[in-house]
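# need the 3D shape of this:
(one chain, ligands or ions: 3)
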Amino acid sequence: MDFKKEIDINDLPKHIAVIMDGNGRWAKKHGKMRIFGHQNGVKSVRETSEAAAEIGIKYLTLYAFSTENWNRPKKEVDALMTLLVHTIESEIKTLNKNNIRLEAIGDLENLPKKSYSKLIEAIESTKNNDRMTLILALSYSSRWEIVNAVKKIAEKISKNEISSDMIDQKLFSSFLTTSKYPDPELLIRTSGEFRVSNFLLWQIAYAELYFTQKLWPDFRKDDLYEAILNYQKRERRFGMISEQINIQK
Ligand code: IPE
Ligand code: IPE
Ligand code: MG
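Ligands and ions are numbered 1, 2, ... in the order given. Take a look at the predicted model:
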């Protein structure tokens, strides 16, 4: 089925977030080391970014490395960081060609120097692109982000820059790493795991969740389009009842 053709481009999510999972199992299935799965996941990153940009998605956030992933065997962490440097290096040109801006969220300063500087270089080099923003979540976890936001707000209060009665959802959101982006309407997780693994907990309050059995290295353009189509068939009620939603339409 041609999922792309079926999509209503007037009802697209502005922001899609993806938990790219299953690289290790994909490698195992092919009788290879885990890193082989990560290497093959790069193609899916490229395909998904292009597919999203092609159809008119404005923000795509990819969960590439979590705070908890630092606890993996050093060999795997090192290999992932090296892969990150190489991927960024080789993709800058394509990002610019496709008019995609690269940004990143997470505890970036915790990345190895080389990965950090390559990342900053790519962000700088793509900053004027405006077709889509591709946001990499690196050394990211939602609880880290939320605690960080609380700390920053507490500091402002102690300096009398804001008062506690000014704190509301909007102000709180402005202290998150995602302050510039709308909340994702659609969250996709590959590999058949039904959990969110500390990803965008605040931001996905009302996101539609989509789980697929596909392992990340097998994820292709059509898989993204299938997820969008599935999203479009859902009724988003935001606490209201169906009749109210239909009157609004
Ligand atoms: C996702 O694939 C990539 C990262 C978390 C970096 P995994 O490496 O988690 O693969 P599985 O879940 O072990 O198959
Ligand atoms: C979540 O995948 C993190 C990323 C995709 C970067 P994990 O594979 O680390 O998640 P858990 O540990 O299975 O929940
Ligand atoms: Mg995993």
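# any idea how far the residue most central in space within the chain lies from ligand 1?
Most central in the chain under C-alpha atoms, centre = their mean is Thr61, positioned 2.2 Å from the mean C-alpha point. For Thr61, the distance to ligand 1 equals 15 Å [C-beta to the nearest ligand atom, to the nearest Å]. Bear in mind the C-beta positions are built from the backbone N, C-alpha and C, glycine included.
# show me the strands in the protein, by range?
For the chain, applying DSSP state E gives strands covering 15-19, 59-66, 100-105, 132-140, 186-189, 208-211.
# okay if I get those as a markdown table plus distance to Arg34 and mean pLDDT?
Below are those laid out as a markdown table (distance: least, C-beta to C-beta, whole Å; pLDDT from 0 to 100):
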| stretch | distance to Arg34 | mean pLDDT |
| --- | --- | --- |
| strand 15-19 | 17 | 99 |
| strand 59-66 | 14 | 98 |
| strand 100-105 | 23 | 98 |
| strand 132-140 | 18 | 98 |
| strand 186-189 | 19 | 99 |
| strand 208-211 | 22 | 98 |
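# adding distance to Glu124, write these out as a markdown table.
Listed next are those as a markdown table, based on distance: least, C-beta to C-beta, whole Å:
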| stretch | distance to Glu124 |
| --- | --- |
| strand 15-19 | 23 |
| strand 59-66 | 19 |
| strand 100-105 | 9 |
| strand 132-140 | 14 |
| strand 186-189 | 29 |
| strand 208-211 | 33 |
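# Glu161 is nearest to which of these?
Smallest distance to Glu161 across those (C-beta to C-beta): 23.6 Å, for strand 100-105.
# pretty sure Asn230 sits against Tyr210.
Yes - the pair Asn230 / Tyr210 is scored as a contact, 5.9 Å apart, by C-beta atoms under 8 Å.
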